[in-house]
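In: Give me a model of this one.
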Amino acid sequence: MASAVTIERFVKELEKLHAGMTGGGYKPGEYDQRLARTLQELRKRGIEGDRKDVIAALDSAHDRGVITDSVKVHLEKRLGVV
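Out: Residues are numbered from 1 along each chain as shown. Here you go, the predicted model:
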């Protein structure tokens, strides 16, 4: 089994997605597909860290504008931290 994804790597992936979205690098729907792939990897490998750390990382990403309100809610539900 592959090792768990670190929270730092997960946040970097979110930042890459944000940069691609704001920079116009993605076609319509591509952001959603890439986000789904990222979540699939997390389901497969797991995430390193506890619930509190994941929530803090999502809150930080949200506060910095990396993810929107709706993406934050979606991630919290999919990661089971709410």
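
In: Make sure residue 2 is indeed in a helix.
Out: No. Looking at residue 2 with DSSP: H, G, I helix; E, B strand; the rest coil, it is coil, so not inside a helix.

In: Neighbours of the closest residue to it other than its chain neighbours, how many?
Out: Spatial nearest neighbour of residue 2, excluding adjacent residues (C-beta to C-beta, 6 or more residues apart in numbering): residue 45 at 4.9 Å. To be clear about C-beta, it is placed using only N, CA and C from the backbone, and glycine gets the same treatment. If you count neighbours by other C-beta atoms under 10 Å, residue 45 ends up with 13.

In: if I look at residue 57, how far off is residue 13?
Out: Distance, residue 57 to residue 13, using C-beta to C-beta, to the nearest Å: 11 Å.

In: same thing with residue 33?
Out: 13 Å.

In: out of these two, which sits in the more crowded spot?
Out: residue 13 (18 against 11).

In: Looks like the residue nearest to residue 2 contacts residue 3 (just checking).
Out: Yes. When contacts are counted by C-beta atoms under 8 Å, residue 45 is listed as touching residue 3 (7.0 Å).

In: give me the element the most centrally placed residue in the chain is part of.
Out: Closest residue to the average C-alpha location of the chain: residue 14 at 4.7 Å, with C-alpha atoms, centre = their mean. Here residue 14 sits within helix 7-22, counting by DSSP states H and E.

In: Ok, residue 72 next?
Out: Using DSSP H and E, residue 72 falls in helix 69-79.

In: Poorly predicted segments of the protein, please.
Out: Across the chain, the ranges flagged by pLDDT under 70 are 1.

In: Pull up the gap between residue 76 and residue 7, please.
Out: Distance from residue 76 to residue 7, by C-beta to C-beta: 14 Å.

In: and residue 54, how many neighbours does it have?
Out: Neighbour tally, residue 54, other C-beta under 10 Å: 21.

In: Would you mind giving both backbone torsions of the residue nearest to it when sequence neighbours are not counted?
Out: Leaving aside its sequence neighbours, residue 54 sits nearest to residue 81 (C-beta to C-beta, 6+ apart; 5.2 Å). Dihedral angles of residue 81 (phi, psi; degrees, to the nearest 10) stand at phi -110, psi 0.

In: I'm done for today, thanks for sticking with me.
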